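Colleague: need a structure here:
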Amino acid sequence: MNLRDLRYLVALADERHFGRAAERCFVSQPTLSAQIRKLEEYLGVPLVERQPRRVKLTETGEKVVERARRALQEADAIVDLAKTDRDPLAGHLKLALIPTVGPYLLPHVAGPLRRALPRLKLMLYEYQTAPLLEKLRGGELDLGIIALPMPTEGLETEALYDEPFTLAVPSTHPLASRDKVRLEDIKDETLLLLEDGHCLRDHALSVCSRIRVNQDQDYRATSLETLRQMVAAGHGITLLPELAAATPVGTARGLKIKPFAKPAPVRTVGAVWRKSTTRGAAIEAVIATLRATMKEESKR
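Modeller: As a prediction, the model looks like this:
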């Protein structure tokens, strides 16, 4: 039994398909299948139920995969530790961002990160908050960028910047002619929100909790772009983070973006990582660069 075979088994458990698991491991399907059979022979128990068009782990297979993940995480940590000792600001760093932050933050920080950390190769991912935290705890990610506060037991968090909310209304809406709006102005309005699982939905509801709004119970958007289209079509209003409002999402036809009068509602965007990480120096450098960049952006 070796680490390579365990990686094959974990890949199969994740993909539930021999072909996709083989592609993920950069081997042929017959090679992956043969190695998993050898692992089963070595252990003396079946790990996989092979059915037409379906792969299912046996009960023992599920238990083996759970332990294999931990073993692989520790093995990768050993390699990372050695690399970090040689050059803590080099190598790969797996960074994940939530969908309502990633597409709007990255254009601002990608250049500064490359200039500040030229030897660090960022591997970028996008997940909603819950799966992001799960993968972070499981060792599949090194660093996450999420909106705070959020339950992050067992993890370290640090605030990066505060991002004001803006109000998106149809261009024909009475508020479209205002220079600034107040929360009280949207009382009794129809509020469009993202689907469950997006923390922005919870933050928007929290912002509007002290006034009465009519949440559209029949509609859940999957992205900020979809929200923009619904608002532009006159189906309601929504809250957009400032960075998202500054992109083409916020400047599209039929849509008006209005800042809130001070004190404007904000969300806090922060970093989250494992306490046990071996990439502490690289994570600190990334956080420092992100914070400095966004501080400069806020002055513009």
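
Colleague: Name the residues that touch stretch 16-26?
Modeller: Residues external to stretch 16-26 that are found in contact with it (Cβ atoms under 8 Å, 6 or more residues apart in numbering): 7-8, 11-12, 14-15, 28-29, 31-33, 54-56. For every residue, glycine as well, the C-beta is placed using N, CA and C.

Colleague: Recalculate using a threshold of 6 Å.
Modeller: By Cβ atoms under 6 Å, 6 or more residues apart in numbering, the surrounding residues in contact with stretch 16-26 are 8, 11-12, 15, 29, 32-33, 55.

Colleague: and what of stretch 143-154?
Modeller: The contact list for stretch 143-154, computed with Cβ under 6 Å, 6+ apart, reads 95-98, 101, 129, 132, 136, 199, 267-273, 283.

Colleague: how far is the longest helix anywhere in the chain from where the chain is centred?
Modeller: Ranked by number of residues, the top helix in the chain under DSSP state H is helix 59-86. Averaged C-alpha coordinates place helix 59-86 at 22 Å from its chain's average position (Cα atoms, centre = their mean, to the nearest Å).

Colleague: now stretch 52-63
Modeller: 28 Å.

Colleague: still on that earlier bit, sort out for me which of the contacts of stretch 143-154 are in strands.
Modeller: Secondary structure of those is defined by DSSP state E; positions in strands are 95-97, 267-273.

Colleague: Export these as a markdown table, with columns for distance to residue 111.
Modeller: Listed next are the ones in strands among the contacts of stretch 143-154 as a markdown table, based on distance: Cβ to Cβ, whole Å:
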| residue | distance to residue 111 |
| --- | --- |
| 95 | 15 |
| 96 | 20 |
| 97 | 16 |
| 267 | 24 |
| 268 | 24 |
| 269 | 19 |
| 270 | 22 |
| 271 | 19 |
| 272 | 24 |
| 273 | 23 |
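
Colleague: Filter those residues down to the buried ones, ChimeraX style.
Modeller: Buried residues within the ones in strands among the contacts of stretch 143-154, by 16 or more other Cβ atoms under 10 Å, are selected in ChimeraX with:
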select :95,96,97,267,268,269,270,271,272,273
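
Colleague: For burial, what's the neighbour tally of residue 159?
Modeller: When neighbours are counted by other Cβ atoms under 10 Å, residue 159 registers 13.

Colleague: What's the first helix or strand after the strand or helix carrying it?
Modeller: Secondary structure assignment for residue 159, by DSSP states H and E: strand 155-170. Tracing the chain past strand 155-170, the next element assigned as helix or strand by DSSP H and E is strand 190-191.

Colleague: Sheet-wise, list the partners of the strand holding residue 159 with their directions.
Modeller: When pairing is defined by DSSP bridges, strand 155-170 lines up against strand 238-241 (antiparallel), strand 255-259 (antiparallel), strand 266-274 (antiparallel).

Colleague: Please write out the alpha-carbon positions of the last one in PDB.
Modeller: Listed in PDB are the C-alpha atoms of strand 266-274, where the atom choice follows Å, rounded to 0.1, in the frame of the first residue of the first chain:
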ATOM      1  CA  VAL A 266     -21.300  47.300   5.200                       C
ATOM      2  CA  ARG A 267     -20.100  43.700   5.200                       C
ATOM      3  CA  THR A 268     -16.700  42.600   6.400                       C
ATOM      4  CA  VAL A 269     -14.600  40.500   4.100                       C
ATOM      5  CA  GLY A 270     -12.000  38.400   5.800                       C
ATOM      6  CA  ALA A 271      -9.500  35.600   5.500                       C
ATOM      7  CA  VAL A 272      -9.800  32.200   7.100                       C
ATOM      8  CA  TRP A 273      -7.300  29.300   7.500                       C
ATOM      9  CA  ARG A 274      -6.400  26.300   9.600                       C
END
